[in-house]
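Engineer: Here you go, sequence then predicted model.
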2 protein chains.
Amino acid sequence: MSRPPYDHVAFIGLGLIASSMCHAIRAAGWDCTITGTARSAETRDIAREIGLCDRVTDSAAEAVEGADLVVLCVPVGAMGGVMEEIAPHLKPGATVSDVGSVKGAVIEAVTPHLPDGVWFIPAHPLAGTEHSGPRSGFATLFQNRWCLMTPIEGTPEAEVARLDRFWTGIGANVDMMDADHHDLVLAVTSHAPHLIAYTMVGVADDLRRVTASEVINYSAAGFRDFTRIAASDPTMWRDVFLNNKAATLEILGRFTEELFALQRAIRTGDGDHLFDYFTRTRDIRRGIIDAGQDTDAPDFGRVGPDTSKAAPAADTPPAKRSQGG
Amino acid sequence: MSRPPYDHVAFIGLGLIASSMCHAIRAAGWDCTITGTARSAETRDIAREIGLCDRVTDSAAEAVEGADLVVLCVPVGAMGGVMEEIAPHLKPGATVSDVGSVKGAVIEAVTPHLPDGVWFIPAHPLAGTEHSGPRSGFATLFQNRWCLMTPIEGTPEAEVARLDRFWTGIGANVDMMDADHHDLVLAVTSHAPHLIAYTMVGVADDLRRVTASEVINYSAAGFRDFTRIAASDPTMWRDVFLNNKAATLEILGRFTEELFALQRAIRTGDGDHLFDYFTRTRDIRRGIIDAGQDTDAPDFGRVGPDTSKAAPAADTPPAKRSQGG
């Protein structure tokens, strides 16, 4: 076993991210003690049953005892309360980190409870699936995904570097930025898209003239991609929006403005406006594939349940111009 | 080889759908002649090079000569013009069909040019990927996908049944409905989601305070799913919106209303409203998976380029409640 950045890691909350981190730590071959706890007894029982941690404790106080790294893996709105609860039990010199999708509000909630000689280094791995809970984790979740760290002033560089080594060791690319900038970037790449997906799925569900079975059966025409995003954990996402209000509302405002312009183009029959807009957006997709952040396989490479033959290889170049479609 | 529903099928337009139909006809083992043409010489050259059809002709008139089934696979806005062009060359008793995403406007554009003794049976396979062009097709595209047919009054039932056998034979499930209802259903499951995805990607691209590389690198947090949808063929989608104005604008109106309600909930901190909304949308996802219209594998089962281990099996049940996420 190789030398781990931390000898003892404790997780508060044992959902998708924490359970994936547990698997990834094992996969890294580190000789590292893992403790963990969760608020719900059911989650703790499952974690024990599947052997997620070396020890699953009933309280957060017990879980953090002796830990060098404590990772808060609870919804953003619960971070402050958890920090207050564990503060008296933290080992001097320990690092507390988190995996919340919002950084400004978490820093505000956590730092007032931080004891002297303990460091808080906020982090956010940009990884996940629509599944949640302790059974949903897997070791490769962070492979080639980014983990954004937003260190606060006064944190020793060596401790930031240590957490960087930890995330790099379990497969992530690490980048550093300011918390405010993080919250704006994520409003664009995550928070606004999630709210939009939730909204569209809710509208479809509401529509009385289209039956539920029609919405379901005919979802492959585009809608089903939205339903995957809108199947994400409700508690987590409620907290994200409540804690990144300003940036999310700003991006949604921009979105609505743009949507109205496109609606007007539809209404007035301005085909050129639509065509130009739709052409521009193709380039971004190409950039994402080139950066290794998504697959070029058609339809994400997903294969239907009745499909016996695979789709063509991902490197088949699409023709520049198509007449059909 | 088994007896095909049609002895000779002609395609006008050789993009993703037509080329997939060609492959699917071969895979069905039908003894069937396939001819085809496309407006662009480049597309015709590629089709010849890869042997897509038995014969690729330079004109639509030649392509349809002697065909029992002519399938219009051009953007919705081009259907009327193509129909006018081929009308004098159609074999008596032939069926003309299409694959357009809009049905009302296509019927209006096509039927005035329909010669006596030739049937027009509108159809729409709900299948596709973000790729386009003659190289992008594959035989299994229609497996377990729905093909919606919207027959018009006076069409012989036997001819409708024959086209039904054709689509069923290449893997699709067939359903019949009224053209207006089709256009409303598709506005919900396809047209509005596509416009929304295009809008969100455009907003991200526009935002000066977030760099393009940030949008690209950090896209895995949700945004990248939107970029796939927004990479679809611009001509096709321009025509869809211009030809399904009323239904698309109606659904977008409902969408905006709902989005404003959620924005207000964020602004006022109404967490219960958000939580209830986000919980409801999970059920639809479950229905889509149960109906075999999407995979339950996390993240559509897509595997990152650097991933050496697979995600967990699709049948792993997510815990009812998660604390982390």
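Structural biologist: Good, I have the coordinates.
Engineer: where do the helices sit along the stretch 201-325 of chain A?
Structural biologist: A:212-217, A:223-229, A:234-243, A:245-268, A:271-290 (DSSP state H, counting those that start in this stretch).
Engineer: residue boundaries of the strands in chain A?
Structural biologist: A:8-12, A:33-37, A:55-56, A:69-72, A:95-98, A:119-121, A:123-125, A:146-149, A:173-176 (DSSP state E).
Engineer: before we move on, the earlier item: save the helices of the stretch 201-325 of chain A as JSON lines, and put in distance to A:Asp180 and mean neighbour count too.
Structural biologist: Where C-beta positions appear, they are placed from N, C-alpha and C, glycine not excepted. Shown next, in JSON lines, are the helices of the stretch 201-325 of chain A (distance: least, CB to CB, whole Å; neighbours: other CB atoms under 10 Å in any protein chain shown):
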{"stretch": "helix A:212-217", "distance to A:Asp180": "39", "mean neighbour count": "19"}
{"stretch": "helix A:223-229", "distance to A:Asp180": "25", "mean neighbour count": "26"}
{"stretch": "helix A:234-243", "distance to A:Asp180": "13", "mean neighbour count": "25"}
{"stretch": "helix A:245-268", "distance to A:Asp180": "8", "mean neighbour count": "18"}
{"stretch": "helix A:271-290", "distance to A:Asp180": "24", "mean neighbour count": "18"}
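Engineer: Switch these over to CSV; also include distance to A:Gly29 and mean pLDDT.
Structural biologist: Output for the helices of the stretch 201-325 of chain A, formatted as CSV (distance: least, CB to CB, whole Å; pLDDT from 0 to 100):
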stretch, distance to A:Gly29, mean pLDDT
helix A:212-217, 44, 90
helix A:223-229, 33, 90
helix A:234-243, 30, 96
helix A:245-268, 39, 96
helix A:271-290, 31, 90
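Engineer: mind putting these in TSV, distance to chain B included?
Structural biologist: Output for the helices of the stretch 201-325 of chain A, formatted as TSV (distance: least, CB to the nearest CB, whole Å):
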stretch	distance to chain B
helix A:212-217	4
helix A:223-229	4
helix A:234-243	4
helix A:245-268	5
helix A:271-290	4
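Engineer: mind putting the ones you listed in CSV, distance to B:Leu69 included?
Structural biologist: Listed next are these as CSV, based on distance: least, CB to CB, whole Å:
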stretch, distance to B:Leu69
helix A:212-217, 25
helix A:223-229, 29
helix A:234-243, 48
helix A:245-268, 33
helix A:271-290, 30
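Engineer: Nearest residue to A:His191 in space, please, no chain neighbours.
Structural biologist: Closest residue to A:His191 apart from its sequence neighbours, by CB to CB, 6 or more residues apart in numbering or on different chains: A:Thr248 at 4.7 Å.
Engineer: how far away is A:Asp233 from A:Ser20?
Structural biologist: Distance of A:Asp233 to A:Ser20, given as CB to CB, to the nearest Å: 14 Å.
Engineer: now swap in A:Arg282 and tell me
Structural biologist: On the measure of CB to CB, A:Arg282 and A:Ser20 end up 32 Å apart.
Engineer: Same check on A:Asp239?
Structural biologist: Distance from A:Asp239 to A:Ser20, by CB to CB: 19 Å.
Engineer: can you put the strands of chain A in a markdown table and add mean neighbour count?
Structural biologist: A markdown table is the format used below for these (neighbours: other CB atoms under 10 Å in any protein chain shown):
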| stretch | mean neighbour count |
| --- | --- |
| strand A:8-12 | 28 |
| strand A:33-37 | 24 |
| strand A:55-56 | 18 |
| strand A:69-72 | 26 |
| strand A:95-98 | 26 |
| strand A:119-121 | 20 |
| strand A:123-125 | 25 |
| strand A:146-149 | 22 |
| strand A:173-176 | 16 |
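Engineer: what about the ones you listed, which gets the closest to A:Gly287?
Structural biologist: strand A:146-149 (14.6 Å; CB to CB).
Engineer: neighbours of A:Val65, just the number please.
Structural biologist: Slight slip there: residue A:65 is Glu, not Val. Neighbourhood size, A:Glu65 [other CB atoms under 10 Å in any protein chain shown]: 16.
Engineer: returning to what we had before: relative to chain B, which of the strands of chain A is closest?
Structural biologist: Nearest to chain B among the strands of chain A is strand A:146-149 (5.8 Å), distances taken as CB to the nearest CB.
Engineer: Parallel or antiparallel, list what pairs with the closest one.
Structural biologist: Sheet partners assigned to strand A:146-149 using DSSP bridges are listed as strand A:123-125 (antiparallel), strand A:173-176 (parallel).
Engineer: quick one: contacts of it?
Structural biologist: Residues outside strand A:146-149 that contact it (CB atoms under 8 Å, 6 or more residues apart in numbering or on different chains) are A:103, A:121-126, A:160, A:163-164, A:167, A:172-177, A:182, B:217-218, B:220.
Engineer: Please apply the same query to stretch A:260-269.
Structural biologist: A:270-271, A:273-274, A:277, B:195, B:198-199, B:241-242, B:245, B:248-249, B:252.
Engineer: now swap in stretch A:82-96 and tell me
Structural biologist: Residues from elsewhere that reach stretch A:82-96 (CB under 8 Å, 6+ apart): A:6, A:12-13, A:60-72, A:74, A:109-110, A:113-115, A:117-121, A:159, A:162-163.
Engineer: Buried only: go through these for me.
Structural biologist: By neighbour count, with 16 or more other CB atoms under 10 Å in any protein chain shown, the contacts of stretch A:82-96 hold A:6, A:12-13, A:60, A:62-65, A:67-72, A:74, A:109-110, A:113, A:118-121, A:159, A:162-163 as buried.
Engineer: Now narrow those residues to whatever sits close to chain B.
Structural biologist: Checking these against chain B by CB under 8 Å from any CB of the partner chain, the ones in range are A:Gly13, A:Val74.
Engineer: what's the closest non-adjacent residue to A:Ile229?
Structural biologist: Among residues not flanking A:Ile229 along the chain, A:Ala197 sits closest, at 3.9 Å (CB to CB, 6+ apart).
Engineer: what about that neighbour, distance to B:Leu207?
Structural biologist: A:Ala197 is 19 Å from B:Leu207, where distance means CB to CB.
Engineer: more crowded one of these two?
Structural biologist: A:Ala197 (27 against 19).
Engineer: Show the contacting residues for that one.
Structural biologist: A:Ala197 makes contact with A:Phe226, A:Thr227, A:Ile229, A:Ala230, B:Gly222, according to CB under 8 Å, 6+ apart.
Engineer: ok, which pair from the residues you listed is furthest apart?
Structural biologist: A:Thr227 and B:Gly222 (13.1 Å).
Engineer: tally of neighbours for A:Glu84?
Structural biologist: 13.
Engineer: Against chain B, how distant is it?
Structural biologist: According to CB to the nearest CB, to the nearest Å, A:Glu84 stands 17 Å off from chain B.
Engineer: How about A:Arg48?
Structural biologist: On the measure of CB to the nearest CB, A:Arg48 and chain B end up 13 Å apart.
Engineer: Could you find the closest non-adjacent residue to that residue?
Structural biologist: Spatial nearest neighbour of A:Arg48, chain neighbours left out: A:Val56 (4.9 Å); criterion: CB to CB, 6+ apart.
Engineer: What residues are bridge-paired with that neighbour?
Structural biologist: A:Gly36.
Engineer: residue ranges with poor pLDDT in chain A?
Structural biologist: Residue ranges of chain A with pLDDT under 70: A:1, A:302-325.
Engineer: Give me the domain ranges for chain A.
Structural biologist: A:8-177, A:181-294 (automatic domain parsing).
Engineer: got those domains as CSV, with distance to B:Ser213 columns?
Structural biologist: Listed next are the domains of chain A as CSV, based on distance: least, CB to CB, whole Å:
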stretch, distance to B:Ser213
domain A:8-177, 10
domain A:181-294, 8
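Engineer: mind checking which of those domains is nearest B:Thr155?
Structural biologist: domain A:181-294 (22.5 Å).
Engineer: How far does that closest one sit from its chain's centre?
Structural biologist: Its chain's C-alpha centre and that of domain A:181-294 lie 17 Å apart, by CA atoms, centre = their mean, to the nearest Å.
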